[in-house]
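A.B. asks: got a sequence here, can you model it:
(chains A and B)
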Amino acid sequence: MTSDFSLKIPAELEAASQLRTAQFFVTKRPWLDLYGVHIRPVAPFGSASSKPFIDPALLHRCLPDELLFEIFARMTPYNLGKAACVCRKWRYTVRNPVFWRNACLKAWQIFGVVENYKILQSKYDGSWRKMWLSRPRIRTDGLYVSRNTYIRAGIAEWKISNPVHVVCYFRYLRFYPSGRFLYKNSSQKVKDVAKFMNFRASKTESVHSGHYTLSNDKVEAAFLYPGLRPTVWRIRLRLRGTMAGANNRMDLLSLVTSGVNDGEVSSTDEDILGVVEGWQEDETHNPDVPAVTHKRGLTPFVFIPFEEILLGKRTLTFIDIPGRNVSFEPASGKDGLFCTWLITYSIFLCKQVVSGTMAGANNQMDLLSLVTSGVIDGEVSCPCVVEGWQEDEAHNLDVPAVTYKRDLTPLVFIPFEGV
Amino acid sequence: MASSIENNNEKLTLKSSDGEEFLVEKHVALQSTLLQNMLDSDCSSADVIPLPKIDARTLALVLGYCKKHADASSSKQGELNSFDSEFLKDMDMGALFNLVLAANFMEIKGLLDIAAQKIADTIKDKPHQEVREIFHVENDYTPEEEAAVREENRWAFEGFP
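C.D. replies: Numbers count the residues shown, from 1 in each chain, chains lettered A, B, ... in the order given. As a prediction, the model looks like this:
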């Protein structure tokens, strides 16, 4: 509305800033209070004493501490964490326990306020911020996604390569602070699914809703597949993070479907979790629907915040690698073996060194590196194209190089006769 | 000097820090808890109420907000919401800061909420350097300290450069 606004600096303050003596600022100046100007008599956190004692920042000069508080009170904990990195004063303000208390009471609201206060005292020395960072917490500001693939043989052609199809599907979980959750199993990508992962989703989207519980880092969740043979879907997960306080991964501990009888279902439409509480994994209450413990598609869940999905950021690119035509072709290198798979436009590079448990055995391979990175269309025809590439090199900006840090156990050779 | 009372429509005069006077209807002024308390305790039955913290430009904005909210009946919440978002649109940071200060001083909860939220939304998702530029904040961390603070808050940065 008013773009030609210019900041007015009180004349007293202007005059004061010319003075060198720190003593001046220690004295209370009521007329400055009148303008909402707070002068800090001491430089915060031991910054060089030769610096002027007035905080030169516009915001700090204009906004007293309590208003900086009002602004921070309207930010998410994640944005507070980022704001702390701006300057010392912001970091100090962000430390205010009120922000973290509100965040904690919201994040763990299914426990109730009283219980949360008890946990605060018994486990986190009364520090809400410590609780926020250390206590396993289900994130509700995005989707947990598990990308699963299986391989299906394709039709062999006259080429040497054997085409196979990598079929890719995703499990999507969205949790709400209230104790409810949504689940969808789909081959659609994150971006498309995020739109209708809510309680307004129509039946045709087949988004299932149920309740979950959190106990330490263990999550249990269940929902009911309605129908002629009502089936309960139960999942057990374990929360963890790639760094402290991130809570951005969930390991899938077990996934079970089993039958319930009609009487159990009709009474409680929503709280199916209570019905199956204490059930054995192989327990079913309907002989027509045996309990099934699912052994496939149990990849850990990765958390993606909504804002990343909406902005189309692709930080977790491996989630988005399309699973389609894969051809397998071995190629040999100089001082080791290279195996390359072409996953359309994305290359999988695995570097190994042959060693043996005794001289001449050559029965082990240490996994030196395992990388996927993007290639451009023209390069795809030749599997040796990545020779000499850096580990973090990628030729397709949409598919950045990913160096895998997990599951790098050495490979052990097993002769066919042993099999 | 004294504000004249016309019909039943009482009016008050508010005076900004730079001396401009605003004649407002009482029900508009009542949007401010500060003025409400002053009127209740009858300490300003006389003439002009001085508002030494608020300049004329800001006070005009504040009174515009109060008038809209006082006149609209509670049933028009949707209309008020769209007014609120339109109200702050394209407003520069200096004006926003003044609004927050004024709303805080005059105790106008709704205005404080939307103005502070608008500033909060400006901060979020911006790289630090940009935030510092917008707010004219000086980076007073040493490089080592900054690295340490970033490490301490790394959980908040997932997915950001």
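
A.B. asks: rest of the way, CA atoms for contacts and neighbours
C.D. replies: Noted.

A.B. asks: ok, residue A:237 - contacts?
C.D. replies: Neighbouring residues of residue A:237 by C-alpha atoms under 8 Å, 6 or more residues apart in numbering or on different chains: A:218, A:219, A:220, A:250, A:251, A:252, A:253, A:254.

A.B. asks: now with 7 Å, please.
C.D. replies: Residues in contact with residue A:237 (C-alpha atoms under 7 Å, 6 or more residues apart in numbering or on different chains) are A:218, A:219, A:220, A:250, A:251, A:252, A:253.

A.B. asks: just give the nearest non-adjacent residue to residue 103, would you?
C.D. replies: I went with chain A, as the question did not name one. Once flanking residues are discounted, residue A:103 sits nearest to residue A:77: 6.7 Å by C-alpha to C-alpha, 6 or more residues apart in numbering or on different chains.

A.B. asks: that's the other chain; I wanted chain B
C.D. replies: Closest to residue B:103 by C-alpha to C-alpha, 6+ apart is residue B:112, at 5.1 Å.

A.B. asks: and residue A:99, by the same measure?
C.D. replies: residue A:73 is the one closest to residue A:99 (C-alpha to C-alpha, 6+ apart), at 6.2 Å.

A.B. asks: and if you look at residue A:392?
C.D. replies: residue A:401 (5.1 Å).

A.B. asks: any idea which element the residue lying farthest from the centre of chain B lies in?
C.D. replies: Residue farthest from the centre of chain B, counting by C-alpha atoms, centre = their mean, is residue B:144 at 37.6 Å. In this assignment (DSSP states H and E), residue B:144 forms part of helix B:143-152.

A.B. asks: let me know the pLDDT of residue A:143.
C.D. replies: Confidence at residue A:143, expressed as pLDDT, is 92.

A.B. asks: can you check residue A:385 too?
C.D. replies: For residue A:385, the model assigns a pLDDT of 66.

A.B. asks: now do residue B:112
C.D. replies: Turning to residue B:112, the model gives it a pLDDT of 91.

A.B. asks: same question for residue A:317.
C.D. replies: With respect to pLDDT, residue A:317 has a value of 41.

A.B. asks: tell me where chain B has strands.
C.D. replies: Remark: strands assigned in chain B by DSSP state E are B:11-15, B:21-25, B:48-50.

A.B. asks: do the stretch 1-150 of chain A as well
C.D. replies: A:142-153 (DSSP state E, counting those that start in this stretch).

A.B. asks: any idea how far the closest residue to residue A:282 other than its chain neighbours is from residue B:96?
C.D. replies: Of all residues not flanking residue A:282 in the chain, residue A:291 sits nearest, at 5.1 Å (C-alpha to C-alpha, 6+ apart). Plainly put, residue A:291 is 60 Å away from residue B:96 if you go by C-alpha to C-alpha, to the nearest Å.

A.B. asks: just residue A:140 next, same as before
C.D. replies: Distance of residue A:140 to residue B:96, computed by C-alpha to C-alpha: 31 Å.

A.B. asks: please apply the same query to residue A:185.
C.D. replies: Distance, residue A:185 to residue B:96, using C-alpha to C-alpha: 45 Å.

A.B. asks: counting neighbours, what do you get for residue 100?
C.D. replies: In the absence of a named chain, chain A is used. 23 (other C-alpha atoms under 10 Å in any protein chain shown).

A.B. asks: chain B is the one I meant
C.D. replies: By other C-alpha under 10 Å, neighbour count at residue B:100 equals 29.

A.B. asks: correct me, but it touches residue B:118?
C.D. replies: No: in terms of C-alpha atoms under 7 Å, residue B:100 does not count as a neighbour of residue B:118; the distance is 10.0 Å.

A.B. asks: got the CA positions of stretch A:109-116 in PDB?
C.D. replies: What follows is stretch A:109-116, C-alpha atoms only, in PDB (Å, rounded to 0.1, in the frame of the first residue of the first chain):
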ATOM      1  CA  GLN A 109      -0.600 -34.300  21.500                       C
ATOM      2  CA  ILE A 110      -1.800 -37.900  21.400                       C
ATOM      3  CA  PHE A 111       0.000 -38.400  24.700                       C
ATOM      4  CA  GLY A 112      -1.900 -35.600  26.500                       C
ATOM      5  CA  VAL A 113      -0.400 -32.500  28.200                       C
ATOM      6  CA  VAL A 114       0.000 -34.100  31.600                       C
ATOM      7  CA  GLU A 115       1.900 -37.100  30.200                       C
ATOM      8  CA  ASN A 116       4.100 -34.900  28.100                       C
END
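
A.B. asks: now do the buried residues in that stretch.
C.D. replies: A:110, A:111, A:116 (16 or more other C-alpha atoms under 10 Å in any protein chain shown).

A.B. asks: name the SS class of residue A:302, please.
C.D. replies: At residue A:302 the chain is in strand, as set by DSSP: H, G, I helix; E, B strand; the rest coil.

A.B. asks: would you agree it is in contact with residue A:248?
C.D. replies: Yes: under the criterion of C-alpha under 7 Å, residue A:302 makes contact with residue A:248 at 5.9 Å.

A.B. asks: the residue nearest to residue A:282 contacts residue A:257, correct?
C.D. replies: Yes: using C-alpha under 7 Å, residue A:291 makes contact with residue A:257 at a distance of 5.6 Å.

A.B. asks: got the end-to-end distance for stretch A:283-297?
C.D. replies: 22 Å.

A.B. asks: which residues sit against it?
C.D. replies: Outside of stretch A:283-297, the residues within contact range by C-alpha under 7 Å, 6+ apart are A:148, A:255, A:256, A:257, A:258, A:259, A:260, A:261, A:282.

A.B. asks: I'd like to know how far residue A:200 sits from residue A:183.
C.D. replies: Computed as C-alpha to C-alpha, the residue A:200 to residue A:183 distance reads 13 Å.

A.B. asks: how many residues are close by the residue in the stretch 151-300 of chain A positioned nearest to chain B?
C.D. replies: Nearest residue of the stretch 151-300 of chain A to chain B: residue A:246, at 4.7 Å (C-alpha to the nearest C-alpha). Residue A:246 has 25 neighbours, counted by other C-alpha under 10 Å.

A.B. asks: so what's residue B:15 up against?
C.D. replies: If you count contacts by C-alpha under 7 Å, 6+ apart, residue B:15 has them with B:21, B:22, B:48, B:49, B:50, B:51.

A.B. asks: of those residues, which are in range of chain A?
C.D. replies: The subset of those within reach of chain A, by C-alpha under 7 Å from any C-alpha of the partner chain, is empty.

A.B. asks: let me know the closest of these to residue A:132.
C.D. replies: residue B:51 (41.7 Å; C-alpha to C-alpha).

A.B. asks: ok, and the closest non-adjacent residue to the closest one?
C.D. replies: Closest to residue B:51 by C-alpha to C-alpha, 6+ apart is residue B:16, at 5.2 Å.

A.B. asks: can you count the residues close to that neighbour?
C.D. replies: Residue B:16 sits with 21 neighbouring residues when counted by other C-alpha under 10 Å.

A.B. asks: so it makes contact with residue B:54?
C.D. replies: Yes: using C-alpha under 7 Å, residue B:16 is in contact with residue B:54, at 5.6 Å.

A.B. asks: for the chain, give me the ranges with low pLDDT.
C.D. replies: As the question left the chain open, I've gone with chain A. Scanning chain A for pLDDT under 70 picks out the ranges A:1-64, A:153-165, A:265-270, A:312-356, A:375-385, A:387-388, A:395-399, A:418-419.

A.B. asks: um, chain B though
C.D. replies: For chain B, the stretches with pLDDT under 70 are B:1-9, B:42-46, B:73-75, B:158-161.

A.B. asks: got the residues of it near chain A?
C.D. replies: Counting by C-alpha under 7 Å from any C-alpha, chain B comes close to chain A at B:53, B:90-92, B:94-95, B:97, B:116-117, B:119-120, B:124, B:128, B:132, B:135-141, B:146, B:149-150, B:153, B:155-157, B:159.
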